[in-house]
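Chemist: my questions are about this predicted structure, shown below with the sequence.
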Amino acid sequence: MKLPDGPKAPSFLQLLQAIAYPLERLEACAKRYGDTFTSRTTGFPPLVIFSHPQAIQEIFTADPNQFDSGKGMGVFQPTLGDNSLILLDGDRHLRQRRLLMPPFHGERMRAYSNLICETTETAMNQWTVGEPFFVLPSMLDISLRVILQAVFGINEGERFQQLRQFLRSLLDLTGSPLRSSLVFIRSLQRDLGPWSPWGRFLRLRHQIDELIYAEIRQRRAEMLNVASVHSREDILTLLLAARDEAGEPMTDVELRDELMTLLVAGHETTAAAVTWALHWTHRLPEVGEKLIQELNTLGCEKDPTAIARLPYLNAVCQETLRIYPVALFAFTRIVRTPIEIASYQFEPGTVLAPCIYLTHQREDLYPEPKRFKPERFLERQFSPYEYLPFGGGNRRCIGMAFAQLEMKLVLATILSHFHLKLVDNRPVKPVRRAVLTAPPRGMQMVVTGVHRSQNALIPV
Ligand code: HEM
């Protein structure tokens, strides 16, 4: 089978380029080869990359049984486990997805609003006026506390303090391209003691597992007390009570893998997105000012539901995820039965990759794509195949509504309390963090003033 054309450079060189300059490489390939091309990098099967909305629609609306996706996500297995939603396909994927979706919809979202605003306020209290702080670590702290609270209903006490610390250490270990290669390349997975990358990974994972299993055991015991179950609204309680079509509950190992999936998928992504939003609203003062004016229309006591409905705030968050999507690609889809996409015929085993970044950079959809212009989202509606920061089809991100709410409320809470400035106002390029792209960890801001009432800014 002949795959679409693509770069001819040796596959090792293509791999190095993909690690060092992921965005530039994708753009150069799209310019040279068009909407569909094949990328070949050492250690991975050829990847057919798509960025035309028609092709993306064909992939997202195809019968899910025509693709495997979990099979291509092996890199997550050591962290998330075999039962993670991300690694499952077919009926098991559908079953787990049905069990995991309810906590991320409708009324449940309202319960998370106060939690997000309060957690942000606690984190902001640690900032000192006039003293620079690192934005991404601060946002990681907020998003980890929020997801722990949403998942377990609690994030205080020794168990959760340890869980936070071990999770951050594990994700930092696997965050940089170099360190993650040392951890995830199978031939290098040797436990040479706590100082070797794989040895450290195994020890951290063991410590995290112990804490999660201890919490599951305690909750199962508490489940016997019906009153305590009714008083809890966290995701673990819902999952403990959930039954599949056959009336079966989730096992401890399934629960551990899904909890870990939510903790990992649900915090670095959102933290990177909020950090970008803070960057853009301060790098472009006219955007920040317009946003503050809109927030001021709500008065001093801002209702989170009203904040979440603000149109310009929504547009700023959408544009943030358009210009530098946290995930450059949706999950790969591995062809299971022959399929035609974008007029190409693909045989079983071909790996297809809907490219979020290139779709969001199309001139025909987003004129002047390199400019941050929230107004484009006020002027027109984009289809789910033109704007796809959360992927689509049967794998669409289950935390989408949660992440959007968190982005809006964290940003609104910070801007309503503080006047901030970027320490360095030069353009910032995304860097790789494992499979994500994020603002650099070194990006700093400084508090320059405090808003005491809806309009008055007290400069310090
Ligand atoms: C700004 C924040 C986020 C972004 C940009 C994002 C992006 C994505 C993307 C692109 C996918 C792949 C979808 C596809 O292949 O079609 C995905 C899947 C997923 N996301 Fe998110 N995500 C975010 C936040 C979250 C949150 C907060 C959670 C949970 C609390 C979460 C949980 C998941 C899960 C479990 C999947 C796998 C779904 C499946 O395989 O069926 N994500 N996300």
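Modeler: Arrived safely, thanks for sending.
Chemist: what's the average pLDDT for the helix or strand containing residue 216?
Modeler: Assessed by DSSP states H and E, residue 216 sits inside helix 197-223. For helix 197-223, the mean per-residue pLDDT is 92.
Chemist: what packs against that helix?
Modeler: Applying 3 or more Cβ pairs under 8 Å, 6 or more residues apart in numbering; DSSP states H and E, we find helix 197-223 packed against helix 77-80, helix 158-173, helix 177-184, helix 226-230, helix 235-241, helix 252-265. Quick note: C-beta positions are derived from backbone N, CA and C, even for glycine.
Chemist: and those helices, which one is worst for confidence?
Modeler: Lowest mean pLDDT within the helices and strands packed on helix 197-223: helix 226-230, at a mean of 62.
Chemist: select, out of the helices and strands packed on helix 197-223, the one closest to the ligand.
Modeler: Among the helices and strands packed on helix 197-223, the nearest to the ligand by Cβ to the nearest ligand atom is helix 252-265 (3.5 Å).
Chemist: who's in contact with that closest one?
Modeler: 79-86, 96, 99-100, 144, 147-148, 151, 167, 171, 208-209, 212-213, 216-217, 235-236, 239-240, 250, 397, 399 (Cβ atoms under 8 Å, 6 or more residues apart in numbering).
Chemist: which of the three states applies to residue 357?
Modeler: Here residue 357 is recorded as helix under DSSP: H, G, I helix; E, B strand; the rest coil.
Chemist: contacts for the lengthiest strand in the chain, please.
Modeler: In the chain, taking DSSP state E as the definition, the longest strand is strand 444-451. The list of residues contacting strand 444-451 from outside it, by Cβ under 8 Å, 6+ apart, reads 127-135, 278, 282, 416-424, 457-460.
Chemist: can you check stretch 93-100 too?
Modeler: In contact with stretch 93-100 (Cβ under 8 Å, 6+ apart) are residues 64, 69-70, 83, 85, 88, 239, 242, 244-245, 250, 254, 258, 262, 394, 398.
Chemist: and if you look at stretch 234-246?
Modeler: Here stretch 234-246 makes contact (Cβ under 8 Å, 6+ apart) with 95, 98-100, 102-103, 149-154, 215-216, 219-220, 223, 229, 249-250, 255, 258-259, 262.
Chemist: at 7 Å what do you get?
Modeler: For stretch 234-246, the surrounding residues in contact (Cβ atoms under 7 Å, 6 or more residues apart in numbering) are 95, 99, 102-103, 150-153, 219-220, 223, 229, 249-250, 255, 258-259, 262.
Chemist: surely residue 378 touches residue 315?
Modeler: Yes - Residue 378 is in contact with residue 315 according to Cβ atoms under 7 Å; the separation is 5.2 Å.
Chemist: secondary structure element holding the residue of the stretch 101-250 of the chain found nearest the ligand?
Modeler: Residue of the stretch 101-250 of the chain nearest the ligand, by Cβ to the nearest ligand atom: residue 147 (5.9 Å). Following DSSP H and E, one finds residue 147 within helix 135-152.
Chemist: quick one: mean pLDDT over that helix.
Modeler: For helix 135-152, the per-residue pLDDT averages 93.
Chemist: next, the angle strand 444-451 makes with that helix.
Modeler: 70 degrees (axes from the mean of the first three to the mean of the last three Cα atoms, to 10 degrees).
Chemist: which elements pack onto helix 135-152?
Modeler: Under the contact criterion of 3 or more Cβ pairs under 7 Å, 6 or more residues apart in numbering; DSSP states H and E, helix 135-152 touches helix 107-124, helix 158-173, helix 235-241, helix 252-265, helix 268-283, helix 400-417.
Chemist: ok, residue 275 to the ligand distance?
Modeler: For residue 275, the distance to the ligand (Cβ to the nearest ligand atom, to the nearest Å) stands at 11 Å.
Chemist: same question for residue 95.
Modeler: In terms of Cβ to the nearest ligand atom, residue 95 sits 11 Å off from the ligand.
Chemist: what's the answer for residue 441, then?
Modeler: Distance of residue 441 to the ligand, computed by Cβ to the nearest ligand atom: 18 Å.
Chemist: nearest the geometric middle of this protein, what residue?
Modeler: residue 269 (2.6 Å; Cα atoms, centre = their mean).
Chemist: quick one, what contacts that one?
Modeler: For residue 269, the contact set (Cβ under 7 Å, 6+ apart) comprises 326, 403, 436.
Chemist: next: residue 72.
Modeler: 331, 332, 334, 351.
Chemist: and the next helix or strand past the host helix or strand of the third one?
Modeler: What it means is residue 334. Remark: residue 334 resides in strand 333-335, with elements defined by DSSP H and E. Using DSSP H and E, the helix or strand that directly follows strand 333-335 along the chain is strand 339-341.
Chemist: please enumerate residues in contact with stretch 343-352?
Modeler: 1, 4, 36, 45-48, 50, 59, 72, 332-339, 341.
Chemist: filter the residues you listed down to the buried ones and express that as a ChimeraX selection.
Modeler: The ChimeraX selection below is limited to those of these classed as buried (16 or more other Cβ atoms under 10 Å):
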select :4,36,47,48,50,59,72,332,333,334,335,336,339,341
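Chemist: buried sites along the longest strand of the chain?
Modeler: Those would be 444, 445, 446, 447, 451, for strand 444-451 by 16+ other Cβ under 10 Å.
Chemist: re the thing from before, quick check: angle from the helix holding residue 147 to helix 107-124?
Modeler: 140 degrees.
Chemist: from here on, call the first residue 45.
Modeler: Shifting the count to begin at 45 puts that one at helix 179-196.
Chemist: tell me which residues of helix 179-196 are tucked away?
Modeler: Within helix 179-196, the residues that count as buried by 16+ other Cβ under 10 Å are 179-180, 182-196.
Chemist: for whatever residue of the stretch 245-394 of the chain ends up closest to the ligand, give me its contacts.
Modeler: Residue nearest to the ligand within the stretch 245-394 of the chain: residue 310 (2.8 Å; Cβ to the nearest ligand atom). Neighbour list for residue 310: 191, 443 [criterion: Cβ under 7 Å, 6+ apart].
Chemist: and residue 295, how many neighbours?
Modeler: Other residues within reach of residue 295, judged by other Cβ atoms under 10 Å, total 11.
Chemist: er, residue 173 I mean
Modeler: Around residue 173 there are 14 residues (other Cβ under 10 Å).
Chemist: which SS class is residue 398?
Modeler: strand.
Chemist: tell me the contacts of the closest residue to it other than its chain neighbours?
Modeler: Nearest non-adjacent residue to residue 398, counting by Cβ to Cβ, 6 or more residues apart in numbering: residue 374, 4.4 Å away. Residues in contact with residue 374 (Cβ under 7 Å, 6+ apart) are 398, 400, 432, 435, 436.
Chemist: surely the third one touches residue 403?
Modeler: In this case it means residue 432. Yes - assessed by Cβ under 7 Å, residue 432 is found in contact with residue 403 at 6.4 Å.
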